[in-house]
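S.K.: Turn this into a model:
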Amino acid sequence: MSKIRTRFAPSPTGFLHIGSLRTALYSYLLAQKNGGDFILRLEDTDMKRFVEGASEAIYNGLKWAGIKYSEGPDVGGDFGPYVQSQRLEIYKKYALELVDKGLAYYCFCDSKTLEEMRQEQTAKKQAPKYDRRCLKLSKEEIAQKLSDNTPFVIRMKMPTDRVVEIDDLVWGKVSYNTNDLDDQVLLKSDGYPTYHLAVVVDDHLMKISHVTRTEEWLPSTPKHILLYEYFGWEAPKWAHLPLLLNTDRTKMSKRKGDVAVEDYIKKGYLPEAMINYLAFLGWNPGTEKEIYSMEELIKDFDLKKIHKAGAVFDIEKLDYLNGYYIRQKSLDELMKLCKSFLAKEWEAKGEEYIKKVIALEQERLKKLSDISEAIEFFFADELKYEPELLIWKKLTAEQIKKNLEEVSEQLEKIPEKNWVNDSLEEAMITYIKAKELKTGDYLWPMRVALTGRKASPSPFDVAEVLGKEESLKRIKFAMNLL
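M.R.: Take a look at the predicted model:
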């Protein structure tokens with residue numbers, strides 16, 4: 001296989017998992033780095049778990065992340081169909097080929113028989129495995145059962161006393177003894193293949209050179225290597241990636257937080273931040289650099305620098321990166337990104353006012369969805385906060401009220417045309433210094449009066465956006481509150 005071809009093969013059984021997005025990213029980076037092809041294939045053979053709309057969620061998630069596939073269900077290609085349920089005849093053909101070679105066999109055992117078998121083995125403290133009773137059927141018995149339309153599956157005939165070695169690009173050499181492996185079902189009674197048959201057939205026919213998937217699939221790989229051997233095909237190179245973990249080092253799951261890419265899109269995470277973050281969950285370039293564009297990731301990516309240990313998904317680190325990328329946006333870009341989070345405010349105040357507000361909050365945002373709550377005070381008809389919030393250190397309510405009166409008097413002197421943050425700051429600081437007063441005694445209650453919050457942008461920035469009339473009105477309200 002001269003050309004590198006990688007694939008991302010999710011099951012459309014719900015949302016696009018954040019871990020699946022990382023798997024797709026690594027496959028994409030590997031292909032792009034080597035001038036290869038990256039393919040999308042949908043593995044929808046588990047019809048019981050199929051979810052309507054899940055395929056679109058996968059397409060949309062990859063598009064949002066900037067991961068472009070050259071072949072796939074919605075774009076076509078020379079090796080389609082790229083949806084497994086549309087390839088059933090292909091799998092059947094290859095399953096029967098193995099039966100003809102004596103490397104697979106018909107199994108007519110029903111679910112009750114299999115359950116009794118499992119219970120008996122468990123009672124004897126044996127590992128549950130198929131006991132191969134159908135392998136002993138004569139050709140005549142098999143022909144009769146097929147003639148009678150007895151439901152069947154096709155099982156892989158596992159060799160005995162063989163050691164199968166995997167030369168994994170992440171894990172190195174890993175060995176499995178075939179005596180520990182079950183005779184895997186390849187074709188189910190409904191005509192659908194299991195993952196094991198479908199993945200091998202598809203990867204071969206689609207000329208996949210490198211298979212990247214999570215470490216959970218490592219124990220299944222010897223079965224896949226044997227299938228390549230049974231068919232006489234060249235096996236791809238394997239790279240099993242570390243799992244994504246919660247902070248308590250358990251596997252990432254819906255029960256412990258958001259795991260769907262869609263959840264992060266809705267909260268206003270930027271694709272460049274997510275891609276930058278996910279790339280480092282299992283891979284390290286070996287430098288101090290932590291901000292990477294997609295182009296830089298493609299240039300530096302190397303499978304040899306993927307580590308084996310599970311990678312902890314740390315939302316604080318993601319927030320840090322997202323805040324960084326938000327700050328890199330031009331104000332016009334950020335306006336567009338924030339618009340869906342500010343529909344009501346946009347309608348109430350108009351674009352120019354919103355622009356001023358977003359400009360103030362850009363440095364403080366961690367994710368776009370924060371914008372609505374962050375700027376809420378700019379749109380309130382009346383702020384709601386406890387009067388105690390106005391108190392600075394050990395000052396009394398009376399002292400704070402007096403200080404606010406002085407603030408109001410100084411601001412009143414500033415004409416509308418000069419109502420900008422620099423003029424406001426100059427007037428107040430000049431007054432405070434001339435009187436040899438303490439800055440916090442005046443600017444803290446002024447900030448709270450204007451915003452109703454402990455933390456906010458500078459009171460002068462806020463006052464400029466609010467305008468003279470609204471600013472003085474809020475300061476008066478604060479004095480009355482005291």
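
S.K.: Correct me if wrong: residue 382 contacts residue 478.
M.R.: No: under the criterion of Cβ atoms under 8 Å, residue 382 is not in contact with residue 478, lying 11.3 Å apart. From N, CA and C alone the C-beta is placed, and that goes for glycine too.

S.K.: Which of those two has more residues huddled nearby?
M.R.: Just comparing residue 382 and residue 478: by other Cβ atoms under 10 Å the higher neighbour count belongs to residue 478, 25 against 8.

S.K.: that's a strand at the more buried one, yeah?
M.R.: No: using DSSP: H, G, I helix; E, B strand; the rest coil, the secondary structure at residue 478 is helix, not a strand.

S.K.: separation between the closest residue to it other than its chain neighbours and residue 297?
M.R.: The spatially closest residue to residue 478, leaving aside those adjacent along the chain, is residue 449, at 3.6 Å (Cβ to Cβ, 6 or more residues apart in numbering). Distance, residue 449 to residue 297, by Cβ to Cβ, to the nearest Å: 47 Å.

S.K.: Compute the first-to-last residue distance for stretch 325-342.
M.R.: Across stretch 325-342, the terminal residues are separated by 20 Å (Cα to Cα, to the nearest Å).

S.K.: and for it, what are the contacting residues?
M.R.: 268, 270, 272-273, 276, 346, 351, 354-355, 358-359, 362-363, 365-369, 371-372, 375 (Cβ atoms under 8 Å, 6 or more residues apart in numbering).

S.K.: If you count neighbours, what's buried in the strand or helix carrying residue 344?
M.R.: Element membership for residue 344 (DSSP states H and E) is helix 343-349. Across helix 343-349, burial judged by 16 or more other Cβ atoms under 10 Å covers 345-346.

S.K.: quick revisit: more crowded one of residue 449 and residue 297?
M.R.: residue 449 (30 against 22).

S.K.: Helix or strand: which one has that one?
M.R.: helix 439-451.

S.K.: Could you identify the helix or strand that succeeds that helix?
M.R.: Next along from helix 439-451, by DSSP H and E: helix 459-466.

S.K.: ok, and what's touching stretch 260-272?
M.R.: 14-18, 21, 57, 61, 64-66, 254, 258, 274, 293-294, 318, 322, 325-326, 337, 341, 367-371.

S.K.: What is the end-to-end distance of that stretch?
M.R.: 17 Å.

S.K.: related to what we said a few turns ago, what about burial for the contacts of stretch 260-272, which qualify?
M.R.: If you count burial by 16+ other Cβ under 10 Å, the buried members of the contacts of stretch 260-272 come out as 14-18, 21, 57, 61, 64-65, 258, 274, 294, 318, 322, 325-326, 337, 341, 367-371.

S.K.: Which pLDDT does the model give residue 114?
M.R.: Looking at residue 114, its pLDDT is 96.

S.K.: what about it, is that helix, strand or coil?
M.R.: Per three-state DSSP, residue 114 ends up helix.

S.K.: Which secondary structure element is home to residue 165?
M.R.: strand 163-168.

S.K.: Pull the distance from the lowest-mean-pLDDT helix or strand in the chain to the chain's centre.
M.R.: Every helix and strand of the chain was ranked by mean pLDDT, DSSP states H and E. The lowest is helix 343-349, at a mean of 87. Counting by Cα atoms, centre = their mean, to the nearest Å, helix 343-349 is centred 31 Å from the centre of its parent chain.

S.K.: Can you show me the CA trace of that helix as PDB?
M.R.: Output in PDB follows, covering the C-alpha atoms of helix 343-349 (Å, rounded to 0.1, in the frame of the first residue of the first chain):
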ATOM      1  CA  ALA A 343     -31.000  37.600  19.900                       C
ATOM      2  CA  LYS A 344     -33.200  39.400  22.500                       C
ATOM      3  CA  GLU A 345     -30.500  42.000  23.400                       C
ATOM      4  CA  TRP A 346     -29.800  42.600  19.700                       C
ATOM      5  CA  GLU A 347     -33.400  43.400  19.000                       C
ATOM      6  CA  ALA A 348     -33.700  45.600  22.100                       C
ATOM      7  CA  LYS A 349     -30.600  47.800  21.700                       C
END
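
S.K.: What lies in contact with that helix?
M.R.: In contact with helix 343-349 (Cβ under 8 Å, 6+ apart) are residues 339, 354, 372, 375, 378-379.

S.K.: re the thing from before, my guess is the residue nearest to residue 478 meets residue 472, correct?
M.R.: No: look at residue 449 against residue 472 with Cβ under 8 Å: they stay out of range, at 9.9 Å.

S.K.: ok so, going back, so which of the contacts of stretch 325-342 sit within strands?
M.R.: Assigned to strands by DSSP state E, none of the contacts of stretch 325-342 qualify.

S.K.: Can you go through those and name the buried ones?
M.R.: So, of those, 268, 270, 272-273, 276, 346, 354, 358, 362, 365-369, 371-372, 375 end up buried under the neighbour-count rule (16+ other Cβ under 10 Å).

S.K.: In helices, which of these appear?
M.R.: 272-273, 276, 346, 354, 358, 371-372 (DSSP state H).

S.K.: With distance to residue 332 as added columns, please give those residues in TSV.
M.R.: Listed next are those as TSV, based on distance: Cβ to Cβ, whole Å:
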residue	distance to residue 332
272	17
273	19
276	23
346	15
354	12
358	10
371	15
372	19
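
S.K.: Which pair of these spans the longest distance?
M.R.: 276 and 346 (29.5 Å; Cβ to Cβ).

S.K.: Quick check: residue 34 touching residue 4?
M.R.: Yes: counting by Cβ under 8 Å, residue 4 is a contact partner of residue 34 at 4.4 Å.

S.K.: re the thing from before, so which of the contacts of helix 343-349 is the closest to residue 243?
M.R.: residue 372 (34.3 Å).

S.K.: hmm, back to that, in the next helix or strand after the strand holding residue 165, which residues are buried?
M.R.: Downstream of strand 163-168, the next assigned helix or strand under DSSP H and E is strand 172-177. Residues of strand 172-177 classed as buried: 174, 176 (neighbour count, 16+ other Cβ under 10 Å).

S.K.: hang on, the earlier thing: in helices, which of the contacts of stretch 260-272 appear?
M.R.: Those of the contacts of stretch 260-272 lying in helices (DSSP H): 18, 21, 57, 61, 64-65, 274, 294, 318, 322, 325-326, 337, 370-371.

S.K.: separation between residue 324 and residue 366?
M.R.: Residue 324 sits 10 Å away from residue 366, going by Cβ to Cβ.

S.K.: My guess is residue 186 contacts residue 197. True?
M.R.: Yes: at 4.0 Å, residue 186 counts as touching residue 197 under the criterion of Cβ under 8 Å.

S.K.: Low-confidence regions, this protein specifically.
M.R.: Applying pLDDT under 70 to the chain flags residues 1, 253-257.

S.K.: in it, which spans are strands?
M.R.: Under DSSP E, the chain gives strands at 5-8, 37-40, 104-107, 153-156, 163-168, 172-177, 185-187, 210-214, 237-241, 244-245, 311-312.

S.K.: other SSEs contacting the fourth one?
M.R.: Contact partners of strand 153-156 among helices and strands, from 3 or more Cβ pairs under 8 Å, 6 or more residues apart in numbering; DSSP states H and E: helix 88-101, strand 104-107, strand 185-187, helix 221-231.
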